[in-house]
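>>> Sequence plus the predicted model coming up.
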Amino acid sequence: MSTPQMSVQLYSVRHALQADQDAALGRLAALGLTNVEAFDFVHRAEELAAALARHGLSAPTGHAGFLSPDGASAASLDETFRAARRLGVEILFDPFVPAARWADEEEIARTAALLNDAAERAADHGLRVGYHNHSQEFVHTVAGVNAFDCFADRLNPEVVLEIDLFWASAGGNDVVALLDRLGSRVGALHVKDGPVIDDPFTSGAPFDPADTGQVAPGRGRIRLDDALSAAPHAEYAVIEFDHYDGDIFEGIAAGVTYLNGKGIA
């Protein structure tokens, strides 16, 4: 069993980054973090790479949308992958495929094929790619299994999965059983906590992340301790909040303390 490296998804501090990027990155570094997970970087990779370097931060993982059928052209993929490598990203995750595409087996197969093809192109850039779940991937049954399992079974071995434990729980999963099923496919975890809620993405109602009740890791009802043990191949444990009702840096600091307590730094 390997020990994952700690990271934080920069989306958690998006408002602070918008207000003062250097100050926000400095505060993350001051918490003892050395890794971050980048988002929305494709057209500002040079700027963000320089800012991270100023604060001794690296971005070994990142999020960028590349599984849209209209956005998966060779040119757009290469642009995305070049930006990722400029930033130092080693594993790039597509963070969201809309709910409607998880209700149909042909659409699931197409999404898996797009990701497999992207993995081949990414390898030319020295990059791995994968997918980050929310909850909508789990609520439909296709070919006798939930849509996400159907999708995962169609992926090539080099494709990496990043399991968001909060959203996987919202999709109706026992997160430990899910991780046991996925095994070595899981290369990263989003260590996120809160109440056990129902999937909001397939209801059609407006979704407000402030309503999810997310709290610092270890303070909610998600089985984080067991999940960390059930993902022995995970390379990264990424703290993230879609919303935090309080000082976001205090929430992240509590997440750092929680993961430090598990031997993760």
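Yep, that arrived. This is a predicted model, so every value here is computed, not measured. Numbers count the residues shown, from 1 in each chain.
>>> residue ranges for the strands of the stretch 151-265 of the chain, please.
All strands of the stretch 151-265 of the chain, identified by DSSP state E, counting those that start in this stretch, fall at 160-164, 186-191, 236-239.
>>> Among the ones you listed, which comes closest to Gln21?
Nearest of these to Gln21, taken as C-beta to C-beta: strand 236-239 at 18.8 Å. C-beta: built from backbone N, CA, C; applies to glycine.
>>> Report the rounded mean pLDDT for the closest one.
Computed over strand 236-239, the mean pLDDT rounds to 98.
>>> quick one: buried residues of the helix or strand where Leu25 lies?
Leu25 belongs to helix 21-30 when assigned by DSSP states H and E. Within helix 21-30, the residues scored as buried using 16 or more other C-beta atoms under 10 Å are 21, 24-25, 27-29.
>>> Need the phi and psi values for Met192.
Let me fix one detail, which is that residue 192 is Lys and not Met. The phi and psi values for Lys192, taken as degrees, to the nearest 10, are phi -140, psi 140.
>>> show me where pLDDT drops low in the protein?
Within the chain, the segments meeting pLDDT under 70 span 1, 70-75.
>>> Does the longest helix along it pack against any helices or strands, and if so which?
Longest helix in the chain by number of residues, with DSSP state H as the criterion: helix 105-123. Helices and strands touching helix 105-123, by 3 or more C-beta pairs under 8 Å, 6 or more residues apart in numbering; DSSP states H and E, are helix 74-87, strand 128-132, helix 147-153.
>>> Can you add distance to Pro209 and give these back as a markdown table?
Below are the helices and strands packed on helix 105-123 laid out as a markdown table (distance: least, C-beta to C-beta, whole Å):
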| stretch | distance to Pro209 |
| --- | --- |
| helix 74-87 | 25 |
| strand 128-132 | 15 |
| helix 147-153 | 21 |
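>>> Pipe the ones you listed into TSV and attach mean neighbour count and distance to Asp198 per row.
Putting these into TSV (neighbours: other C-beta atoms under 10 Å; distance: least, C-beta to C-beta, whole Å) gives the following:
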stretch	mean neighbour count	distance to Asp198
helix 74-87	18	33
strand 128-132	23	20
helix 147-153	22	16
